[in-house]
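Student: starting from these lines, generate the structure:
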Amino acid sequence: MADALKEIRRESQDTVASSGPSGVSNKQLDADMELPYSHFSAKSRIMIVVITAFTGLISPLASNMYYPSITAVRDDLNTTQSGITWTITAFVIAMAIFPLLWSNLADSIGRKPVYALSMLIFTCGSVGCALSRSLTALIAARVVQSAGSSAVQSAGAGTISDIYPREQRGTALGIYYLGPLLGPCLGPLIGGYIGQDAGWRWVFWVLAILGGVLLLLALFVLPETHRRIVSKTHSIQPVNIPLALSLKDNNPLLDIATVRYPVVALSMFLFAMLFGTYFTNATAQPLAYEGIYGLSQGMSGLCFLSSGVGCILGSTSGGRVTDLLLARHRKALEAAADSERVEIKIPAEARLGAMWVGISMFMCAVIICGWLIEYELALAGVLVVQFFIGAGMAFTFQSLGGYLIDVFPTRSARITGVQNFWRSLWAAVIVQLFPTMHENIGWGWSYTVMFFLTLAALLLMQVAVFRGERLRQRFGPGPELR
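Tutor: Numbering: from 1, shown residues only. Coordinates of the predicted model:
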């Protein structure tokens with residue numbers, strides 16, 4: 001708090017000194033800040049968030065929807081279990097790489113064309129999956145499908161940042177993250193019944209139809225939100241407006257290099273361990289439901305409703321809590337400030353204040369789940385802890401995701417693409433390792449290993465929670481909080 005007040009007073013002095021006798025700079029600043037942050041109405045912004053969340057649902061939905069049909073796909077294409085696993089791994093690897101490209105493109109040409117182009121590619125990839133007659137063709141089509149569906153994984157956060165200021169962004173992010181987080185839960189549920197009743201190819205035909213609907217929404221309903229583009233035709237606050245970049249500047253490797261900043265490296269490590277555990281749990285559950293508890297393919301999918309409900313509650317409550325934390329921090333700074341003309345800047349770390357609630361819930365549920373399955377205890381107990389896994393994961397996503405966007409407000413899509421890269425890369429690795437872990441050390445110890453990996457990341461993240469502002473001042477990135 002003391003550091004924040006020193007920063008406020010220094011900026012206030014700099015502003016007064018630069019304004020000159022006439023105070024023109026202050027008057028212009030006041031006039032600019034009286035403009036609306038976004039020209040969209042409240043209803044329009046809700047519509048944009050809902051479409052963005054629905055579009056963000058597509059990537060994890062496509063990744064998980066055909067899991068219950070893997071055995072049928074393997075037999076139909078006459079391949080092995082290790083061969084068919086590559087259709088999952090290839091999708092996740094592509095999901096890690098392509099958002100880096102999409103986020104750069106979204107910051108250059110705008111959000112709307114990226115959404116439309118990506119949904120066109122996704123629809124074509126889904127049709128290719130449905131028509132595949134060999135494992136090689138299916139893997140190739142899955143890569144195309146992943147390339148198209150992954151755009152909103154990064155561009156979606158940029159859209160939220162375009163239309164909501166910091167103090168309202170957490171709630172909007174909570175709605176947006178419902179899409180990416182519900183996908184692993186709804187995918188097996190929907191895909192289980194479709195694959196059981198209509199065959200595995202219809203899983204991909206349904207995804208193609210959804211892609212077509214989202215393509216039409218992107219073309220004819222979703223407006224352009226990029227602040228640089230919108231500011232040319234509408235009067236909005238001149239904040240969080242990124243500069244136009246040349247093609248040379250749009251280098252994904254430069255985005256990945258943001259891990260050189262300590263606060264980014266710590267955040268990415270926790271994101272990767274957290275999401276890797278969550279994703280592995282989602283892919284492993286059908287093995288437990290069908291192999292240990294004897295459920296049918298369709299009933300196995302129904303069990304994912306437990307974590308799905310948890311995701312809904314965790315995401316919506318987590319976003320609201322982070323907004324309330326920022327509002328409380330702002331009131332404290334305003335009460336302590338000694339000038340009405342001071343520009344209040346809340347440190348990004350204020351959004352991490354409640355992170356421990358969600359991640360503690362998540363980690364406890366993970367280790368309990370592993371040992372419940374290990375000893376084949378009541379299925380009801382497994383479903384209860386799955387609820388807390390979903391709720392804890394979604395709640396924590398709000399704190400971490402919002403924190404990174406606050407640190408990089410003019411590069412929100414790009415930093416979200418980087419976050420997606422590291423978390424998906426680790427998810428691809430741990431998903432491939434889990435069958436070997438499961439066979440050699442069992443369910444309980446496999447989940448315990450993931451628990452301790454997440455615990456290590458959480459303990460390291462405390463450095464950012466308590467010393468993040470000082471780390472940013474010393475090592476970067478520079479302040480651009482608006």
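Student: distance check, residue 477 against residue 138.
Tutor: Taking C-beta to C-beta, to the nearest Å as the measure, residue 477 falls 41 Å from residue 138. Yep, even glycine has a C-beta here, placed from its N, CA and C like the rest.
Student: so what's residue 76 up against?
Tutor: Neighbour list for residue 76: residue 200 [criterion: C-beta atoms under 8 Å, 6 or more residues apart in numbering].
Student: so for it, what's the pLDDT?
Tutor: For residue 76, the model assigns a pLDDT of 90.
Student: and what of the one 5 residues further on?
Tutor: According to the prediction, residue 81 has pLDDT 72.
Student: tally of neighbours for the closest residue to it other than its chain neighbours?
Tutor: Among residues not flanking residue 81 along the chain, residue 74 sits closest, at 6.3 Å (C-beta to C-beta, 6 or more residues apart in numbering). Using other C-beta atoms under 10 Å, residue 74 has 19 other residues around it.
Student: show me the residues around residue 74 that make contact.
Tutor: Contact analysis of residue 74 by C-beta under 8 Å, 6+ apart lists 80-81, 83-84.
Student: host element of residue 384?
Tutor: helix 379-407 (DSSP states H and E).
Student: show me which positions of that helix end up buried.
Tutor: Neighbour-count burial for helix 379-407, counted by 16 or more other C-beta atoms under 10 Å, picks out 379, 382-407.
Student: tell me what that helix is packed against?
Tutor: Packed against helix 379-407 by the contact rule (3 or more C-beta pairs under 8 Å, 6 or more residues apart in numbering; DSSP states H and E) you find helix 152-163, helix 166-176, helix 178-198, helix 262-291, helix 305-336, helix 355-374, helix 412-475.
Student: neighbour count winner among residue 477 and residue 138?
Tutor: Neighbours per residue, other C-beta under 10 Å: of residue 477 and residue 138, the larger number sits with residue 138, 26 against 15.
Student: give me the angle between the helix holding residue 384 and helix 262-291.
Tutor: Angle, helix 379-407 to helix 262-291, by axes from the mean of the first three to the mean of the last three C-alpha atoms, to 10 degrees: 160 degrees.
Student: buried residues of stretch 195-214, list them for me.
Tutor: Using 16+ other C-beta under 10 Å as the test for burial, stretch 195-214 gives 195-196, 200-201, 203-208, 210-212, 214.
Student: from these, which two are the most distant?
Tutor: Farthest apart among the buried residues of stretch 195-214 by C-beta to C-beta are 196 and 214. That separation is 25.4 Å.
Student: state the phi and psi torsions of residue 38.
Tutor: The phi and psi values for residue 38, taken as degrees, to the nearest 10, are phi -140, psi 150.
Student: tally up the residues packed near the nearest residue in space to it that is not next to it in sequence, please.
Tutor: Excluding the flanking residues, the one nearest residue 38 by C-beta to C-beta, 6+ apart is residue 163, at 4.4 Å. By other C-beta under 10 Å, 24 other residues sit near residue 163.
Student: repeat for residue 463
Tutor: With other C-beta under 10 Å as criterion, residue 463 counts 13.
Student: relative to residue 393, how far out is the residue lying closest to it once chain neighbours are set aside?
Tutor: For residue 463, ignoring the flanking residues on the chain, the nearest one in space by C-beta to C-beta, 6+ apart is residue 266 at 6.2 Å. As judged by C-beta to C-beta, residue 266 and residue 393 stand 18 Å apart.
Student: list the buried residues for stretch 129-149?
Tutor: 129-130, 132, 135, 138-149.
Student: state the next helix or strand along the chain beyond the strand or helix carrying residue 43.
Tutor: Per DSSP H and E, residue 43 falls inside helix 42-64. Where DSSP H and E defines the elements, the next helix or strand beyond helix 42-64 is helix 70-76.
Student: pull out the buried positions in the helix or strand following that next one.
Tutor: Using DSSP H and E, the helix or strand that directly follows helix 70-76 along the chain is helix 81-109. With burial defined by 16+ other C-beta under 10 Å, the residues of helix 81-109 counted as buried are 84-108.
Student: contacts for stretch 310-324?
Tutor: Here stretch 310-324 makes contact (C-beta under 8 Å, 6+ apart) with 167-175, 177-178, 181-182, 185, 351, 354, 357-358, 386-399, 402.
Student: before we move on, the earlier item: ok and the helix holding residue 384 relative to helix 152-163, angle-wise?
Tutor: Between helix 379-407 and helix 152-163, the angle comes out at 50 degrees (the same axes, to 10 degrees).
Student: grab the nearest non-local neighbour of residue 61.
Tutor: residue 183 is the one closest to residue 61 (C-beta to C-beta, 6+ apart), at 4.3 Å.
Student: and if you look at residue 277?
Tutor: Closest to residue 277 by C-beta to C-beta, 6+ apart is residue 450, at 4.3 Å.
Student: ok, so what distance separates residue 275 from residue 429?
Tutor: Counting by C-beta to C-beta, the separation of residue 275 from residue 429 is 12 Å.
Student: looking at these two, which is more packed in?
Tutor: A side-by-side neighbour count of residue 275 and residue 429, using other C-beta under 10 Å, places residue 275 first with 26 against 16.
Student: make sure that one is actually in contact with residue 427.
Tutor: Yes: with contacts counted by C-beta atoms under 8 Å, residue 275 reaches residue 427, the gap being 5.8 Å.
Student: hey, which helix or strand in the protein has the poorest pLDDT?
Tutor: Lowest on mean pLDDT, DSSP states H and E among the helices and strands of the chain sits helix 2-19, with a mean of 38.
Student: need the contact list for residue 243.
Tutor: Residues in contact with residue 243 (C-beta under 8 Å, 6+ apart) are 228, 410.
Student: again, only using 6 Å
Tutor: By C-beta atoms under 6 Å, 6 or more residues apart in numbering, the contact set of residue 243 is empty.
Student: separation between it and residue 87?
Tutor: 41 Å.
Student: nearest to residue 256, out of the helices and strands packed on helix 379-407?
Tutor: helix 412-475 (6.0 Å).
Student: what's that closest one packed up against?
Tutor: Secondary-structure packing of helix 412-475 (3 or more C-beta pairs under 6 Å, 6 or more residues apart in numbering; DSSP states H and E): helix 81-109, helix 152-163, helix 252-256, helix 262-291, helix 355-374.
Student: for residue 440, find the nearest of these.
Tutor: With C-beta to C-beta as the measure, helix 355-374 is the member of the helices and strands packed on helix 412-475 nearest residue 440 (13.3 Å).
Student: give me the nearest residue to residue 36, chain neighbours excluded.
Tutor: Excluding its sequence neighbours, the residue lying closest to residue 36 (C-beta to C-beta, 6+ apart) is residue 236, at 6.1 Å.
Student: ugh, wrong one, I meant residue 219
Tutor: residue 116 (5.3 Å).
Student: any buried residues in the helix or strand harbouring that neighbour, and which?
Tutor: Assessed by DSSP H and E, residue 116 sits inside helix 111-131. By neighbour count on 16+ other C-beta under 10 Å, the buried set for helix 111-131 is 111-112, 114-130.
Student: what residue ranges in the stretch 1-150 of the chain score low on pLDDT?
Tutor: Residues of the stretch 1-150 of the chain meeting the criterion pLDDT under 70: 1-33.
Student: distance of residue 49 from residue 371?
Tutor: Per C-beta to C-beta, residue 49 is found 39 Å from residue 371.
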